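In: Any chance you can model this:
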Amino acid sequence: MTISVSVRQVVGPEDAARRNTQGLREGFVIEALFQPGEVNLTYSHLDRMVVGGIVPTGETLVIDRVAETGTERFLERREAAVVNIGGAGRVGVGGRDYALGFQEALYVGMGEGALAFSSDDPAEPALFYLLSAPAHRACPTVHITREMARKVHLGSAEESNARTINQYVHPDVCESCQLLVGLTMFEPGSVWNTMPAHVHDRRMEVYLYFGMEEATRIFHFMGEPGETRHVVLKNHEAVLSPGWSIHSGAGTGRYAFIWAMAGDNMSFTDMDKVPMEALR
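Out: Residues are numbered from 1 along each chain as shown. As a prediction, this is how the structure comes out:
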């Protein structure tokens, strides 16, 4: 078994403003995350976040040592969260097996050891979405169901953004060192996410869009408020968002997304809102 790792360097706002579409995608978009029988990781220099897709279709797939972290074991100085957006599967860690159904999550504390991923039915494999950030202390490993998630209802049908934010890795749900992870679902007819826009220079964020039809696309907006750009994303594509960038999008059809943050502040509401008239 091999682990594929790509590395993304930090892209500054001046650089991003000059990039064409391909340049923006190379700097921020993560494609082809979920490949049958493979472990695909992206190591971002934005708060050292690791974003991964794991699809077990036969043998158990294991993440133990990732050279890019510079440690003997992947979780030696890291915490992680795993969200399953596919068929039923299992994650083995710390001497225990955790069964993860669709849209269930597992928070894994620092120092827990190797991660082992398997699918209950290889014909309908689990799609494990992995997020990992550096940690300075160990927190308990917790299996998180959708029922356990803290639910926040935002937006309205009139604004086309009525949505429910399911906060999975959050201080009111489970303890973590710096990771915050959640899943946002939309009411029928609502297409806008994270609008009005905001930035939060104290932490980075990454979005994974999923639950989309083949022809559905997300127009994801990014960049400084006065220098916005956009990229077009399809199902199972992720996009990195630096602290200086807005991160908002609109879909041409039904979709959901998983958001994750790492950085200085654990408060979900720590954000600098951008007035609509400031967007350009």
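In: Now do the helices in this protein.
Out: 13-18, 21-28 (DSSP state H).
In: Please convert the ones you listed to CSV, extending it with mean pLDDT.
Out: Conversion of the helices of the chain to CSV gives the following (pLDDT from 0 to 100):
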stretch, mean pLDDT
helix 13-18, 96
helix 21-28, 98
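In: Excluding chain neighbours, what is closest to residue 7?
Out: Of all residues beyond its chain neighbours, the one nearest residue 7 is residue 43 (4.9 Å), with distances taken as C-beta to C-beta, 6 or more residues apart in numbering. The way it works is simple: take the backbone N, C-alpha and C, and place the C-beta from them, glycine included.
In: Point out where this structure drops to low pLDDT.
Out: For the chain, residues meeting the criterion pLDDT under 70 lie at 265.
In: Most tightly packed of the helices of the chain?
Out: Taking mean count of other C-beta atoms under 10 Å as the contact definition, the stretch among the helices of the chain with the greatest mean neighbour count is helix 21-28, which reaches a mean of 16.
In: elements contacting it?
Out: In this structure, helix 21-28 makes packing contacts with helix 13-18, strand 227-233, strand 238-241, judged by 3 or more C-beta pairs under 8 Å, 6 or more residues apart in numbering; DSSP states H and E.
In: ok, the residue nearest to residue 25 when sequence neighbours are not counted to residue 258 distance?
Out: Computed as C-beta to C-beta, 6+ apart, the closest residue to residue 25 that is not its neighbour in sequence is residue 231, at 6.0 Å. With distances defined as C-beta to C-beta, to the nearest Å, the gap from residue 231 to residue 258 amounts to 17 Å.
In: the more surrounded of those two?
Out: For residue 231 versus residue 258, the count of surrounding residues by other C-beta atoms under 10 Å is larger for residue 258: 23 against 18.
In: pretty sure that one contacts residue 211?
Out: No - using C-beta atoms under 8 Å, residue 258 is not in contact with residue 211; the gap is 10.0 Å.
In: between these two, what contacts are shared?
Out: With contacts defined as C-beta atoms under 8 Å, 6 or more residues apart in numbering, the residues shared by residue 258 and residue 211 are residue 85.
In: does the residue nearest to residue 25 have beta-bridge partners, and which?
Out: Taking DSSP bridges, one finds residue 220 as the beta-bridge partners of residue 231.
In: so where do the strands sit in the stretch 51-200 of the chain?
Out: Ranges of strands in the stretch 51-200 of the chain, per DSSP state E, counting those that start in this stretch, are 61-63, 78-84, 89-93, 96-100, 105-108, 115-119, 128-134, 142-144, 150-154, 163-169, 180-186, 192-193, 198-199.
In: Tabulate those strands in a markdown table, adding columns for distance to residue 240 and mean neighbour count.
Out: Formatted as a markdown table, those follow (distance: least, C-beta to C-beta, whole Å; neighbours: other C-beta atoms under 10 Å):
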| stretch | distance to residue 240 | mean neighbour count |
| --- | --- | --- |
| strand 61-63 | 20 | 21 |
| strand 78-84 | 16 | 26 |
| strand 89-93 | 24 | 22 |
| strand 96-100 | 25 | 15 |
| strand 105-108 | 20 | 26 |
| strand 115-119 | 22 | 22 |
| strand 128-134 | 12 | 25 |
| strand 142-144 | 24 | 20 |
| strand 150-154 | 23 | 13 |
| strand 163-169 | 18 | 22 |
| strand 180-186 | 15 | 22 |
| strand 192-193 | 16 | 22 |
| strand 198-199 | 14 | 17 |
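In: which stretch among the ones you listed comes nearest residue 274?
Out: Comparing these against residue 274 with C-beta to C-beta, the closest turns out to be strand 198-199 (5.7 Å).
In: what distance separates the closest one from the middle of the whole chain?
Out: Once both centres are worked out by C-alpha atoms, centre = their mean, to the nearest Å, strand 198-199 turns out to sit 17 Å from its chain's centre.
In: For it, give me every contacting residue.
Out: So strand 198-199 is in contact with 225, 243-246, 271-274, going by C-beta under 8 Å, 6+ apart.
In: need the contact list for the residue lying closest to residue 218 once chain neighbours are set aside.
Out: Using C-beta to C-beta, 6+ apart and skipping the chain neighbours, the partner closest in space to residue 218 is residue 233 (4.4 Å). Residues near residue 233 by C-beta under 8 Å, 6+ apart: 29, 209, 217-218, 220, 239, 249.
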